[in-house]
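A.B. asks: Task: produce atomic coordinates for the following.
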Amino acid sequence: QVHLVESGGGSVQAGDSLRLSCVVSGRTFGDYAAGWFRQAPGKEREFVGRINWSGIKTHYAESVKGRFTISRDNAENTVFLQMNSLKPEDTAVYYCVTEKPGVSASYYSTARYEGWGQGTQVTVSS
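C.D. replies: Modelled structure (predicted):
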């Protein structure tokens, strides 16, 4: 069973940067794509971005494109989310996940992913 642990969240000012990390266990990490989602209070969980197994291809939500960057280190079983130019609307709990084998749901759908953990809180104040 895959297990993911996020870290690196915190409270920052608008315009600041944060780097989230996620360590994956229980799976050959390099075989699967990974993603980041977030959930703000009272809102649905939403797609932030995805990185393919090799790290060459990435996809981002329009709301974070140009500000957030996903990367991965397969040797360390870790995926990262670099967040720059943070805005108050980026405030949320951030989750990292890996893709389920053989599931053909949309990149943007939570159904495509597994390994939902506790997440890490990011709070951006104006």
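
A.B. asks: Spatially central residue for the chain, please.
C.D. replies: Nearest to the geometric centre of the chain sits Trp36, at 1.9 Å (Cα atoms, centre = their mean).

A.B. asks: That one against Gln82, yeah?
C.D. replies: No. Between Trp36 and Gln82 there is no contact under Cβ atoms under 8 Å: 10.7 Å. Any C-beta I mention is one placed from the backbone N, CA and C, and that applies to glycine too.

A.B. asks: and for the two, which residues touch both?
C.D. replies: Ile70 (Cβ atoms under 8 Å, 6 or more residues apart in numbering).

A.B. asks: what's the burial count for the residue nearest to Asn74 when sequence neighbours are not counted?
C.D. replies: In space, and not counting its chain neighbours, Asn74 is closest to Gly30: 3.7 Å by Cβ to Cβ, 6 or more residues apart in numbering. Residues lying near Gly30 (other Cβ atoms under 10 Å) number 14.

A.B. asks: tell me the SS of Gly30?
C.D. replies: Following DSSP: H, G, I helix; E, B strand; the rest coil, the label given to Gly30 is helix.

A.B. asks: so who does it touch?
C.D. replies: Trp53, Ser54, Asn74.

A.B. asks: Just give me the neighbour total for the second one.
C.D. replies: Counted with other Cβ under 10 Å, residues neighbouring Ser54 total 10.

A.B. asks: For Val2, give me the pLDDT.
C.D. replies: Looking at Val2, its pLDDT reads 87.

A.B. asks: tell me the contacts of Ala92?
C.D. replies: Arg38, Gln39, Ala40, Lys43, Gln121, Val122.

A.B. asks: Generate a PyMOL selection restricted to the buried subset of these.
C.D. replies: Selection of the buried residues among the contacts of Ala92 in PyMOL, burial being defined by 16 or more other Cβ atoms under 10 Å:
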select buried, resi 38+122
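
A.B. asks: Throw the contacts of Ala92 into a markdown table and include distance to Thr110 and pLDDT, thanks.
C.D. replies: A markdown table is the format used below for the contacts of Ala92 (distance: Cβ to Cβ, whole Å; pLDDT from 0 to 100):
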| residue | distance to Thr110 | pLDDT |
| --- | --- | --- |
| Arg38 | 11 | 98 |
| Gln39 | 10 | 98 |
| Ala40 | 15 | 97 |
| Lys43 | 13 | 96 |
| Gln121 | 19 | 98 |
| Val122 | 19 | 98 |
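
A.B. asks: Great, nothing more from me.
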